[in-house]
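**Student:** Sequence first, then the predicted structure, then my questions.
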There are 2 protein chains.
Amino acid sequence: MKIGIVNVSSRFSRARADAVEAWMATHYPDRSVSVVFHPASFSKHGHFGGDDATRARAFVEFANDPRIDAVWFARGGYGSCRIAEAVLPRLESVARKKRYLGFSDAGTLLAALYKAGFPHVAHGPMASDSVRRDETARRAINWLVKGDEASLEPSLANDPRPAVAFNLTILDQLMGTALEPDLAGHVVMLEEVSEALYRVDRMMFHLTGQSSMRRVAGIRLGRVTDVTPNDPDFGLTPEEIVRYWCDRSGIPYLGPADIGHDGDNKVVPFGPR
Amino acid sequence: MKIGIVNVSSRFSRARADAVEAWMATHYPDRSVSVVFHPASFSKHGHFGGDDATRARAFVEFANDPRIDAVWFARGGYGSCRIAEAVLPRLESVARKKRYLGFSDAGTLLAALYKAGFPHVAHGPMASDSVRRDETARRAINWLVKGDEASLEPSLANDPRPAVAFNLTILDQLMGTALEPDLAGHVVMLEEVSEALYRVDRMMFHLTGQSSMRRVAGIRLGRVTDVTPNDPDFGLTPEEIVRYWCDRSGIPYLGPADIGHDGDNKVVPFGPR
């Protein structure tokens, strides 16, 4: 079982890749599961881990390579929206069979793949976060290897409806674009990191103001962490903000989700289960 | 000529209002032009200058008051998207005759008014910015009093097409909502403040990815100021970012606009002239 790790977003360091490889050597000494980094993952181009063409080519190569069994996003940051439209038409049938795992900025590519009908796309820990905690890495790898149900976000066990999960900012910025998937009837889980609450409020105005979002089954809120200070205090908690906009727009608020920018981030496979 | 000043966004201080009143007393000692602050402008509710109902009522009262000749937004910040839908059905015919001036967060209300067919809506200096520089205050007041053409953004003189101007974040967050005006055939001027360039890039992805935006006459870029540092350097200037997304989406890039979060911010009346 070979997992291909590829970077589609901000710059990625060789040191983080070394940490991932060391973790794998310790935990899979028989190499029954192994990882390989696309060499372009360490490219640099301004903000990005290589220019758009390089990042797009790296993703396409791993997705289409029959020797790679699953594709794992290296890290988040920013940049996948620049390449998502360009990679889709270059993906071959072998790419459809693989599992794809990541979140945060990589959510843009997950959305694009899901919209294109790829059946094994999930929001969950990325390579660079995972090896900070064994449990996180096991959760991610067990899903990549065999779609392990023990890795899944717990509310999925009791809810047969199709689901997706996204960083709020990422989903907000997909709405109305060619990459927006049809989320009608879906449970939509959201998480956020490093945003001020007035921005969270404004994004919820925008997101819940979309006619397409008003057809979802409901919203669950994951963790909203590392909130940028608001002066004066915003006056509402993240949950109160999400409940307010759900109430106002008629979208059911379904409660919490066990996802976020942290080691407890569970796996949410996109679509029906 | 009485200009009503109202706050629809973040908290507004009595001290800023005193500065506006002092400036008016010095420059219009005969009170041929005077300002009046809605008393609710100084309310406080968490982040906001009063709760949503209070801010909405204040705006509606001034818009509908026949003794008020024009409505000037006190300041920006955040909050007008929470009240814009609620105020529209309460506005009476007298409200349609008035001039409305503001920008930044107030752009959401300007968009709502423009969409509702209000003929005298403009992006330009707000009350709190204006009195920092005489020229800025004169420009704003001369437009509020008589629609003075000397106040206008200079490219308007040579371009007969309808125009609008927005803070990039504000327009970005209006797309697809009930408040988005029809901008087909319009010159769209954008400005931004206090955002990182990766966010500007992501917003341009979203904005230019909307089918409605692909019907505009073109985009002009105003000033992008107080840019939040990007580490590493983003690698593109704001103009290069806007040109990139315009090229990619087929929207004509029309050059600079003389607008921004600064004292040189010129007035852009919405629609045809």
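**Tutor:** Great, that's in hand.

**Student:** Which residue is the nearest non-sequential neighbour of the residue in the stretch 1-150 of chain A positioned nearest to chain B?
**Tutor:** Residue of the stretch 1-150 of chain A nearest chain B, by C-beta to the nearest C-beta: residue A:46 (1.9 Å). No exception for glycine: its C-beta is placed from N, CA and C like everyone else's. Computed as C-beta to C-beta, 6 or more residues apart in numbering or on different chains, the closest residue to residue A:46 that is not its neighbour in sequence is residue B:235, at 1.9 Å.

**Student:** ok so the one you found is a strand residue?
**Tutor:** No. The assignment for residue B:235 (DSSP: H, G, I helix; E, B strand; the rest coil) gives coil, which keeps it out of a strand.

**Student:** circling back to that earlier point, I figured the residue of the stretch 1-150 of chain A closest to chain B hits residue B:234, correct?
**Tutor:** Yes. Here residue A:46 reaches residue B:234: they are 5.6 Å apart, a contact under C-beta atoms under 8 Å.

**Student:** Residues of chain A that sit close to chain B?
**Tutor:** Taking C-beta under 8 Å from any C-beta of the partner chain, the part of chain A that reaches chain B is made up of A:11, A:44-48, A:77-78, A:81-82, A:169, A:172-179, A:197-198, A:201-203, A:205-206, A:209-212, A:230, A:232-236.

**Student:** Can you pull the phi/psi pair for the closest residue to residue A:149 other than its chain neighbours?
**Tutor:** Using C-beta to C-beta, 6+ apart and skipping the chain neighbours, the partner closest in space to residue A:149 is residue A:157 (7.9 Å). Dihedral pair for residue A:157: phi -60, psi -30, per degrees, to the nearest 10.

**Student:** pLDDT wise, what is residue A:20 at?
**Tutor:** Reading off the per-residue confidence, residue A:20 sits at a pLDDT of 97.

**Student:** where's the helix or strand containing it relative to the chain centroid, distance-wise?
**Tutor:** Using DSSP states H and E, residue A:20 maps to helix A:14-27. The offset between the C-alpha centroid of helix A:14-27 and the centroid of the whole chain comes to 21 Å, using C-alpha atoms, centre = their mean, to the nearest Å.

**Student:** Kindly format the C-alpha coordinates of that helix as CSV.
**Tutor:** The C-alpha trace of helix A:14-27 is given here as CSV (Å, rounded to 0.1, in the frame of the first residue of the first chain):
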residue,chain,number,x,y,z
ARG,A,14,11.6,19.1,3.7
ALA,A,15,11.9,18.9,7.6
ARG,A,16,8.1,18.2,7.9
ALA,A,17,8.5,15.5,5.2
ASP,A,18,11.4,13.9,7.1
ALA,A,19,9.2,13.8,10.2
VAL,A,20,6.4,12.0,8.3
GLU,A,21,8.9,9.5,6.8
ALA,A,22,10.4,8.9,10.3
TRP,A,23,7.0,8.3,11.7
MET,A,24,6.1,5.8,9.0
ALA,A,25,9.5,3.9,9.4
THR,A,26,8.8,3.5,13.1
HIS,A,27,5.1,2.5,12.8
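
**Student:** so what secondary structure elements neighbour it?
**Tutor:** Packed against helix A:14-27 by the contact rule (3 or more C-beta pairs under 8 Å, 6 or more residues apart in numbering or on different chains; DSSP states H and E) you find strand A:34-37, helix A:127-130, helix A:134-146.

**Student:** Dump the following helix or strand past the first one to CSV, restricted to CA.
**Tutor:** Heading C-terminal from strand A:34-37, the first helix or strand you meet, by DSSP H and E, is helix A:52-64. The C-alpha coordinates for helix A:52-64 follow below in CSV (Å, rounded to 0.1, in the frame of the first residue of the first chain):
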residue,chain,number,x,y,z
ASP,A,52,0.6,26.8,-10.3
ALA,A,53,1.7,24.6,-13.3
THR,A,54,4.1,22.7,-11.1
ARG,A,55,1.6,22.0,-8.3
ALA,A,56,-1.1,21.0,-10.8
ARG,A,57,1.3,18.6,-12.6
ALA,A,58,2.4,17.0,-9.3
PHE,A,59,-1.2,16.3,-8.3
VAL,A,60,-2.1,15.0,-11.7
GLU,A,61,0.9,12.7,-11.8
PHE,A,62,0.2,11.1,-8.4
ALA,A,63,-3.5,10.8,-9.1
ASN,A,64,-2.9,9.1,-12.4
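
**Student:** List the residues that contact residue A:100.
**Tutor:** If you count contacts by C-beta atoms under 8 Å, 6 or more residues apart in numbering or on different chains, residue A:100 has them with A:70, A:71, A:72, A:73, A:109, A:110, A:113, A:118, A:120, A:121, A:122.

**Student:** Now do the strands in the stretch 151-273 of chain A.
**Tutor:** Taking DSSP state E, counting those that start in this stretch as the criterion, the stretch 151-273 of chain A carries its strands at A:163-167, A:187-193, A:218-225, A:253-256, A:268-269.

**Student:** List the buried residues of stretch A:26-37.
**Tutor:** By neighbour count, and taking 16 or more other C-beta atoms under 10 Å in any protein chain shown as the criterion, the buried residues in stretch A:26-37 are A:33, A:35, A:37.

**Student:** Can you give me the domain boundaries for chain A?
**Tutor:** Residue ranges for the domains of chain A, per automatic domain parsing: A:2-151, A:154-262.

**Student:** now these in a markdown table, with distance to residue B:193?
**Tutor:** A markdown table is the format used below for those (distance: least, C-beta to C-beta, whole Å):
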| stretch | distance to residue B:193 |
| --- | --- |
| domain A:2-151 | 20 |
| domain A:154-262 | 14 |
